[in-house]
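Chemist: Got a predicted structure plus its sequence, pasted below:
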Amino acid sequence: MNFINKLSAAWTTNNSLLCVGLDPDPARFPAQLAGESDAIFLFCKEIIDATADLACSFKPQIAYFAALGAEGQLERLCAYARQHYPHIPLILDAKRGDIGATARQYAREAFDRYGADAVTVNPYMGFDSVEPYMEWTERGAIVLCRTSNPGGSDLQFLMADGQPLYQHVARLVAEKWNRNGQCALVVGATFPEELAQVRAIVGEMPLLVPGVGAQGGDVEATVKSGRTASGAGMMINSSRAILYAAAKGSEDFAAAARRVALETRDSINLYR
Ligand SMILES: O=c1ccn([C@@H]2O[C@H](COP(=O)(O)O)[C@@H](O)[C@H]2O)c(=O)[nH]1
């Protein structure tokens, strides 16, 4: 099944717009994982098992694995998610951007090596840097548009032809670049006004929306700004607030993650 259809089905099946982010930081792992050679895999696997019925997608952030030389554990984790939860889209957050020949290798890494349904990509180098991802006709390219970080405004708010750059990106992707019909955009929950602007430009296109939870984005404003007419259209990501929900040593980490994922999913659903 292609990325967009799988995502639409997951919104319905799990009644959820929540994307569970997998940003594993061993310094924050529970004591029982200390000394385990595959602690990163084990930690993330428990989180996936605890939240799979509450999520519309999982989003491993590759930097947290690669920085520790743990790409092998990421491979295992992706294989595990695909085998046990094949109906939940797997998004590799890698924010790749390079010339076409190199982008083709990044696409192979995301879709072949890790088996991701979609990968995040940076539009700064233009269409030929994004096109190779679309050669994978069933997989998604999720293009950075209006990112959640404060510094995103440095470039994304620059005016060109009377409009901020992020709106040009939204329009380009929606009207020209989306050759395989599997594109989506990243828009931060920390900027609900811009989220509403992007929604108005792109119609039904799915949006990956990081920034609730640890970054403090407002759930009500996010949902009201980014939802489609059918009350869907978003993967609202929360990573650290779910992963590290347990107070150190006092609560089972997976149970705590499930509790916060449930609360987040339900608070999102209040405003759909
Ligand atoms: O604009 C963006 C794009 C990506 N991210 C990523 O999302 C998660 C957010 O983690 P939290 O712990 O929920 O803050 C992380 O992997 C970022 O790399 C983003 O935050 N903003």
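Modeler: Structure's in. What do you need?

Chemist: Near whichever residue of the stretch 51-200 of the chain sits closest to the ligand, how many other residues are there?
Modeler: Nearest residue of the stretch 51-200 of the chain to the ligand (Cβ to the nearest ligand atom) works out as T147 at 3.1 Å. (Glycine included, C-beta is placed from N, CA and C.) Around T147 there are 21 other residues, counting by other Cβ atoms under 10 Å.

Chemist: Would you mind measuring from it to D117?
Modeler: T147 is 21 Å from D117, where distance means Cβ to Cβ, to the nearest Å.

Chemist: So which residues of the chain form strands?
Modeler: Using DSSP state E, the strands of the chain run over 18-22, 57-60, 91-96, 118-121, 140-146, 159-160, 163-164, 183-187, 207-210, 234-238.

Chemist: mind checking how far the longest helix along the chain is from the chain centre?
Modeler: When the chain is parsed with DSSP state H, its longest helix is helix 253-269. Per Cα atoms, centre = their mean, to the nearest Å, the displacement of helix 253-269 from the mean C-alpha position of its chain is 17 Å.

Chemist: Likewise for stretch 240-254?
Modeler: 21 Å.

Chemist: Pipe the strands of the chain into CSV and attach mean neighbour count and mean pLDDT per row.
Modeler: Formatted as CSV, these follow (neighbours: other Cβ atoms under 10 Å; pLDDT from 0 to 100):
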stretch, mean neighbour count, mean pLDDT
strand 18-22, 27, 98
strand 57-60, 26, 99
strand 91-96, 23, 98
strand 118-121, 28, 99
strand 140-146, 27, 98
strand 159-160, 10, 98
strand 163-164, 16, 98
strand 183-187, 27, 98
strand 207-210, 28, 99
strand 234-238, 29, 98
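
Chemist: Output the below-cut-off pLDDT ranges for this structure.
Modeler: For the chain, the stretches flagged by pLDDT under 70 are 248-249.

Chemist: residue ranges of the helices in it, please?
Modeler: With DSSP H as the criterion, the chain has helices at 3-13, 39-51, 62-66, 71-84, 100-108, 127-134, 153-156, 165-172, 192-202, 219-226, 240-243, 253-269.

Chemist: Next, format the ones you listed as JSON lines and append mean neighbour count.
Modeler: Listed next are those as JSON lines, based on neighbours: other Cβ atoms under 10 Å:
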{"stretch": "helix 3-13", "mean neighbour count": "19"}
{"stretch": "helix 39-51", "mean neighbour count": "22"}
{"stretch": "helix 62-66", "mean neighbour count": "18"}
{"stretch": "helix 71-84", "mean neighbour count": "17"}
{"stretch": "helix 100-108", "mean neighbour count": "16"}
{"stretch": "helix 127-134", "mean neighbour count": "19"}
{"stretch": "helix 153-156", "mean neighbour count": "14"}
{"stretch": "helix 165-172", "mean neighbour count": "20"}
{"stretch": "helix 192-202", "mean neighbour count": "20"}
{"stretch": "helix 219-226", "mean neighbour count": "20"}
{"stretch": "helix 240-243", "mean neighbour count": "22"}
{"stretch": "helix 253-269", "mean neighbour count": "19"}
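
Chemist: how about the ones you listed in JSON lines, adding distance to P30?
Modeler: JSON lines is the format used below for those (distance: least, Cβ to Cβ, whole Å):
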{"stretch": "helix 3-13", "distance to P30": "28"}
{"stretch": "helix 39-51", "distance to P30": "8"}
{"stretch": "helix 62-66", "distance to P30": "17"}
{"stretch": "helix 71-84", "distance to P30": "17"}
{"stretch": "helix 100-108", "distance to P30": "33"}
{"stretch": "helix 127-134", "distance to P30": "36"}
{"stretch": "helix 153-156", "distance to P30": "37"}
{"stretch": "helix 165-172", "distance to P30": "39"}
{"stretch": "helix 192-202", "distance to P30": "34"}
{"stretch": "helix 219-226", "distance to P30": "27"}
{"stretch": "helix 240-243", "distance to P30": "11"}
{"stretch": "helix 253-269", "distance to P30": "5"}
